[in-house]
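In: sequence isn't available, so here's the structure alone:
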């Protein structure tokens, strides 16, 4: 009797429910970005003027921080599979620490906007800016907690789940950064 090759769902790392969550979150962020772009088309000058108030350097630094954090989460899985449990746990803790650094940098950006009197009512650009980056920041917080939990309960399966979620957080930022901060 010949054995059937594994299905695509069986080849996914982690749990199917985590992938349902990840895909649904990507769809939500995608809808937000589409709405942002549609509003931008209706008021390109207003969006460009509002965008000039953003800190592109801080956002670029945050991109490097999150990509580095994602690398550490991937390394944690590699090290755990290689029976380097301590290295995997340190990598997960370092990935979570970089997530905290991301939030500190984002918090400084929010504080700068508040000092300028800029809030979500200032312009529709800022409504989307705060909605999308704030929702992303909430996912960063959830991801940090998940990474720390996975560092404590560090089975290969748990690390796969935590890393998959964290990579979704990375991917969303890699999409948000150019659309919100760089698109002219």
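Out: That came in fine, so what should we check first? Only a predicted model underlies this, so the values are computations on that prediction, with no experimental measurement involved.
In: the longest helix along the chain - what's its average pLDDT?
Out: The residue-count maximum for a helix in the chain (DSSP state H) belongs to helix 85-115. Helix 85-115 comes out with an average pLDDT of 96.
In: what does stretch 175-184 give?
Out: 94.
In: what's the first-to-last distance across it?
Out: One end of stretch 175-184 sits 15 Å from the other (CA to CA, to the nearest Å).
In: pull the residues that contact that stretch.
Out: Applying CB atoms under 8 Å, 6 or more residues apart in numbering, the contact partners of stretch 175-184 are 29, 33, 36-37, 40, 48, 51, 54, 56, 59-60, 62-63, 128-129, 132-133, 136. Using the backbone N, CA and C atoms, a C-beta is placed for each residue, glycine as well.
In: quick one: that stretch to chain centroid distance?
Out: 14 Å (CA atoms, centre = their mean, to the nearest Å).
In: any weak-confidence spans in the chain?
Out: The model of the chain has pLDDT under 70 over residues 1-2, 6-14.
In: all strands of it, in order?
Out: Ranges of strands within the chain: none, based on DSSP state E.
In: so how far is the longest helix of the chain off the chain centroid?
Out: 11 Å.
In: picking up where we left off before, buried subset of the contacts of stretch 175-184?
Out: Neighbour counting with 16 or more other CB atoms under 10 Å marks 29, 33, 36, 40, 51, 54, 59, 62-63, 128-129, 132-133, 136 as buried within the contacts of stretch 175-184.
In: alright, calling it a day.
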